[in-house]
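Student: Here is a sequence together with a model predicted from it:
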Amino acid sequence: MVKSQLANKISDKLPHLPMKAIEMCVHETIDLLSDALSAGRRIEIRGFGSLKLNFRAPRNAHNPKTGEKVATIAKYTPAFKPGKDLRDRVNAQYGQPMIAETLDD
Amino acid sequence: MAITKADIAEHLFSSLGLNKREAKEVVELFFEEIRQALESGEMVKLSGFGNFMLRDKCERPGRNPKTGKEVPVTARRVVTFRAGQKLKSRVEKYAGNESQEDQDT
């Protein structure tokens, strides 16, 4: 499922709202989540999960191809932890087929 | 303070002119539709943000950290999140201090 399909699904359930408004909501929501993370704020959605930043300390690494030594800088990476409801619902489907590619609607 | 569904709804209300009830419904569905896609085995790709992927994991030996007793970790399906390039590079630049982040977790 991609962004446009998510908007379609929401629209199916809220037929009284214009499609355009829902598309903007999806867009704005994703923007808000990105802005929050970029500002170091944690996101917590009950039953869905939480997103936060993890610190990566600087370390001495090397380019595996050339063997050249490089030092990485300290940085932050986003991390997601599924909430209980999502975890349980997904786990109940263990072994069932998965769809990695996007289905055309 | 962490961002919650109420904050997102408030943002949609003030920036897009939906009424508060509509904004709440959209936010609720935003996360519910992602959950349903993942539950039905479908991966979710939100461009500019990241991908929610599924993985089936085999049973593996584990340990009860409290008692040290060996217990098998059962086979399960889990959700993983891979941040997209755009979110990653935005977040990397975050220079806030880590201890501040830890306080509200």
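Tutor: Received the coordinates, thanks. All of these numbers come straight from a predicted model, not from anything done at the bench.
Student: going forward, measure contacts between C-alpha atoms and count neighbours the same way
Tutor: Fine.
Student: Need the phi and psi values for the residue positioned nearest the centre of chain A.
Tutor: Closest residue to the average C-alpha location of chain A: residue A:80 at 7.2 Å, with C-alpha atoms, centre = their mean. Dihedral angles of residue A:80 (phi, psi; degrees, to the nearest 10) stand at phi -120, psi 130.
Student: measure residue B:77 to chain A for me?
Tutor: Distance from residue B:77 to chain A, counting by C-alpha to the nearest C-alpha, to the nearest Å: 5 Å.
Student: what ranges do the strands span in chain A?
Tutor: A:43-45, A:49-56, A:60-62, A:69-71, A:75-82 (DSSP state E).
Student: How about chain B?
Tutor: Remark: strands of chain B, listed N- to C-terminal, are B:44-46, B:50-57, B:60-63, B:70-73, B:76-83; assignment by DSSP E.
Student: which one of these is the most hemmed in?
Tutor: strand B:44-46 (a mean of 22; mean count of other C-alpha atoms under 10 Å in any protein chain shown).
Student: wait, does that strand contact chain A?
Tutor: Yes: under the criterion of C-alpha under 8 Å from any C-alpha of the partner chain, strand B:44-46 makes contact with chain A via B:44, B:45, B:46.
Student: Now do the same contact list for the first one.
Tutor: If I follow you right, that is residue B:44. Neighbour list for residue B:44: A:1, A:2, B:34, B:37, B:38, B:51, B:52, B:53 [criterion: C-alpha atoms under 8 Å, 6 or more residues apart in numbering or on different chains].
Student: so the most centrally placed residue in chain B bridges to which residues?
Tutor: In chain B, the residue lying closest to the centroid (C-alpha atoms, centre = their mean) is residue B:81, at 7.0 Å. When bridges are called by DSSP bridges, residue B:81 pairs up with residue B:52.
Student: just to revisit the earlier point, need the contact list for the closest residue to the residue nearest to the centre of chain A other than its chain neighbours.
Tutor: With C-alpha to C-alpha, 6 or more residues apart in numbering or on different chains as the criterion, residue A:80 has its nearest non-adjacent residue at 4.5 Å, and that residue is residue A:51. For residue A:51, the residues meeting the contact criterion (C-alpha under 8 Å, 6+ apart) are A:37, A:42, A:43, A:44, A:78, A:79, A:80, A:81.
Student: I'd guessed the residue nearest to the centre of chain A sits against residue B:81; true?
Tutor: Yes: contact status for residue A:80 versus residue B:81: in contact at 5.8 Å, counting by C-alpha atoms under 8 Å.
Student: Can you list the neighbours in contact with stretch A:17-31?
Tutor: Among residues not part of stretch A:17-31, those counted as contacts by C-alpha under 8 Å, 6+ apart are A:3-4, A:6-8, A:10-11, B:8, B:12, B:16, B:26-27, B:30, B:49.
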